[in-house]
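**Q** Need coordinates for the below:
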Amino acid sequence: MSEEPRRRADAARPTDESRAADEVERRKRSGESIAAARIANQATWVDQQVRVAMAKGEFDDLPGSGRPIEDLGSEHDPDWWVKRLVEREQITGVLPPSLQLRKDDAELDARLDTLAVEREARREVEDFNARVIRARYTPADGTPPLITMPRDVEATLAAWRERRTARAAVARARAEAERQAQVDAAASTPWRPWWRRR
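**A** Below you'll find the model as predicted:
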């Protein structure tokens, strides 16, 4: 190869300086430098927004302001806020299926007691049984074993009916006692004309 073509080939190759300039130009056109600057200044921007909100008084009179956090406990628990969130929002499904089914089995009778119609109670028990059966046939690697058994629908509903009847009898007895107390109170007060009553 002669000397002239070699010089032309060397001149056509990009140098480190031209590569750097090309990279700067590419970033400028693609907007990467703007995004990088925004990310770098994000903490400053957030601090500024907090200062502006404080100046406007948006943090004044917040609920619980100036009071200790309730139910914090005597020990340090770094996950106290997560537990409070789960409790307040009633988040379910964060347990492995076998433990969630155990918990649901323990709470099933109380949940059934809130229902007034047998059809809804039956649907609730059948839904629970379907979840137990589905969990039995789902492979669960590394989770606690499933020991929860499906409920006998008829026996569970019979117990639900008995509890409902007992609650109704207690409510009737309480209402009768209140009515009798009102009658006794009315009988013990002497009768007076309406213009003399005070």
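**Q** Pass me the low-pLDDT residue ranges in the protein, would you?
**A** 1-14, 29-33, 71-73, 93, 197-198 (pLDDT under 70).
**Q** Now the lengthiest helix in it: buried residues?
**A** As assigned by DSSP state H, the longest helix anywhere in the chain is helix 153-188. Buried residues in helix 153-188, counted by 16 or more other C-beta atoms under 10 Å: 156, 157, 160, 164. The C-beta positions use only the backbone N, C-alpha and C, and glycine is treated the same way.
**Q** Tell me the one among those residues nearest to residue 21.
**A** residue 156 (77.8 Å; C-beta to C-beta).
**Q** so what's that closest one up against?
**A** Contacts of residue 156 were listed using C-beta atoms under 8 Å, 6 or more residues apart in numbering, and they are 108, 109, 112, 125.
**Q** Give the other helices and strands that the helix or strand containing the last one contacts.
**A** Residue 125 is part of helix 118-136, with elements assigned from DSSP states H and E. Contact here means 3 or more C-beta pairs under 8 Å, 6 or more residues apart in numbering; DSSP states H and E; on that basis helix 118-136 packs against helix 97-113, helix 153-188.
**Q** ok, for residue 138, nearest residue in space, not its chain neighbours?
**A** In space, and not counting its chain neighbours, residue 138 is closest to residue 97: 7.1 Å by C-beta to C-beta, 6 or more residues apart in numbering.
**Q** From what I see, that neighbour and residue 139 are in contact.
**A** No. Counting by C-beta atoms under 8 Å, residue 97 stays clear of residue 139, with 11.0 Å between them.
**Q** What about residue 80, how many residues nearby?
**A** The number of residues packed around residue 80, counting by other C-beta atoms under 10 Å, is 14.
**Q** Correction: the previous question concerned residue 118.
**A** Other residues close to residue 118 by other C-beta under 10 Å number 13.
**Q** For it, give its distance to residue 163.
**A** 13 Å (C-beta to C-beta, to the nearest Å).
**Q** likewise residue 108?
**A** Distance of residue 108 to residue 163, given as C-beta to C-beta: 12 Å.
**Q** Over to residue 85?
**A** From residue 85 to residue 163 the distance is 33 Å (C-beta to C-beta).
**Q** before we move on, back to that, mind listing what the residue nearest to residue 138 touches?
**A** By C-beta under 8 Å, 6+ apart, the contact list for residue 97 reads 135, 138, 140, 143, 146.
**Q** for residue 161, same thing?
**A** Counted by C-beta under 8 Å, 6+ apart, residue 161 has contacts residue 118.
**Q** Mind checking which of the contacts of residue 97 are in helices?
**A** Per DSSP H, the contacts of residue 97 map to helices at residue 135.
**Q** Narrow the contacts of residue 97 to those that are buried.
**A** Buried among those by 16+ other C-beta under 10 Å: 135, 146.
**Q** out of the contacts of residue 97, who's nearest residue 46?
**A** residue 143 (39.7 Å).
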